[in-house]
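When you get a sec, could you give me coordinates for this:
(one chain, ligands or ions: 1)
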Amino acid sequence: MPFESTAFEGLFIFTPKIFFDDRGYFFESYNQQVFAEAGYPIQFVQDNQAFSRYGVIRGLHYQRPPHAQSKLIRVLKGKILDVVVDLRPASATYRQVFAIELSEENKKQLFIPRGFAHGYAVLSETAEVLYKCDAFYHPESEEGLRYNDPELGIDWQIPADKQIVSLKDQRLPLLHSLPVYDAW
Ligand SMILES: Cc1cn([C@H]2C[C@H](O)[C@@H](COP(=O)(O)OP(=O)(O)O[C@H]3O[C@H](C)C(=O)[C@H](O)[C@H]3O)O2)c(=O)[nH]c1=O
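Sure thing, here's the model as predicted:
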């Protein structure tokens, strides 16, 4: 089925219907009406695209309120481990981690509501990641969480000596020192 909920409120997986024929395939990667009719009335305003090679870990990032972003993540080429951390204090899954493989092959997409830190690790030789955001980039509001925080114990599926992480991300705060926002 196209929409699969998760144990995390508002976090869901979208798998588009693929139309195959002898030329190849076609699918609607996003349709605002389909999402709205499924109960997800979303107004995306910005599309992002990132290319990375094996071992790159980007994240864990978010924009603090009132510039928080919901995101719809998909992989055009390659395979990633997509990871989110629930930063919503009122959530039953507060400070819990959800991870999923998104790939060119499975064509799965992950919708991430506002209030989550987001990151991904590139598991293939290279990966091309596309994602839609429902709020504009606001660099002054950018915050983040250390990808290898022992309190989270995320298995990025990349050997430590192969991990490629920006200096900025290596210096992000740990979960216990993160500001807490009650409303996202
Ligand atoms: C996010 C963003 C970045 N930029 C510029 C700023 C930098 O000069 C350059 C690279 O940015 P950054 O190093 O923040 O890129 P990522 O590490 O991939 O950041 C993303 O990583 C995780 C996975 C996310 O979910 C966020 O969307 C985003 O924070 O692109 C822009 O011009 N617009 C943007 O929306």
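
C-alpha only now, for contacts and for neighbours.
Fine.

all helices of the chain, in order?
32-37, 167-170 (DSSP state H).

Among those helices, which comes closest to the ligand?
Across the helices of the chain, the ligand has its closest neighbour in helix 167-170 (7.6 Å, CA to the nearest ligand atom).

Let me see the mean pLDDT of that closest one.
For helix 167-170, the per-residue pLDDT values average out at 98.

Residue 16 against residue 27, yeah?
Yes. In this structure, residue 16 is within contact of residue 27 by CA atoms under 8 Å, at 6.7 Å.

re earlier: just put the helices of the chain in CSV and tack on mean neighbour count.
Output for the helices of the chain, formatted as CSV (neighbours: other CA atoms under 10 Å):
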stretch, mean neighbour count
helix 32-37, 12
helix 167-170, 12
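
Let me have those in CSV, extended by distance to residue 71.
As requested, the helices of the chain are exported to CSV (distance: least, CA to CA, whole Å):
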stretch, distance to residue 71
helix 32-37, 13
helix 167-170, 19
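
Could you report the pLDDT at the most centrally placed residue in the chain?
With distances taken as CA atoms, centre = their mean, the chain has residue 118 as the residue nearest its mean C-alpha position (4.7 Å). Residue 118 is assigned 98 on the pLDDT scale.

Relative to the ligand, how far out is it?
From residue 118 across to the ligand, the span is 5 Å (CA to the nearest ligand atom, to the nearest Å).

Where does the prediction get shaky in the protein?
Nowhere does the chain drop to pLDDT under 70.

residue ranges for the strands of it, please.
3-5, 12-14, 19-21, 24-26, 46-53, 57-63, 71-77, 79-86, 97-103, 109-112, 116-122, 126-133, 142-144 (DSSP state E).

would you list these in CSV and tack on distance to residue 178?
Shown next, in CSV, are the strands of the chain (distance: least, CA to CA, whole Å):
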stretch, distance to residue 178
strand 3-5, 27
strand 12-14, 25
strand 19-21, 45
strand 24-26, 43
strand 46-53, 26
strand 57-63, 12
strand 71-77, 21
strand 79-86, 12
strand 97-103, 16
strand 109-112, 19
strand 116-122, 11
strand 126-133, 23
strand 142-144, 8
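
Would you mind saying which of those strands lies nearest residue 167?
Among these, the nearest to residue 167 by CA to CA is strand 57-63 (10.8 Å).

Who has more neighbours out of residue 16 and residue 27?
residue 16 (19 against 11; other CA atoms under 10 Å).

on that earlier part again, tell me the spacing between the residue nearest to the centre of the chain and residue 81.
11 Å (CA to CA, to the nearest Å).

what do you get for residue 110?
Counting by CA to CA - residue 110 and residue 81 are separated by 11 Å.

Which of the two has more residues huddled nearby?
The neighbour count for residue 110 versus residue 81, taken as other CA under 10 Å, is higher for residue 110 (24 against 20).

Many thanks, we can stop here.
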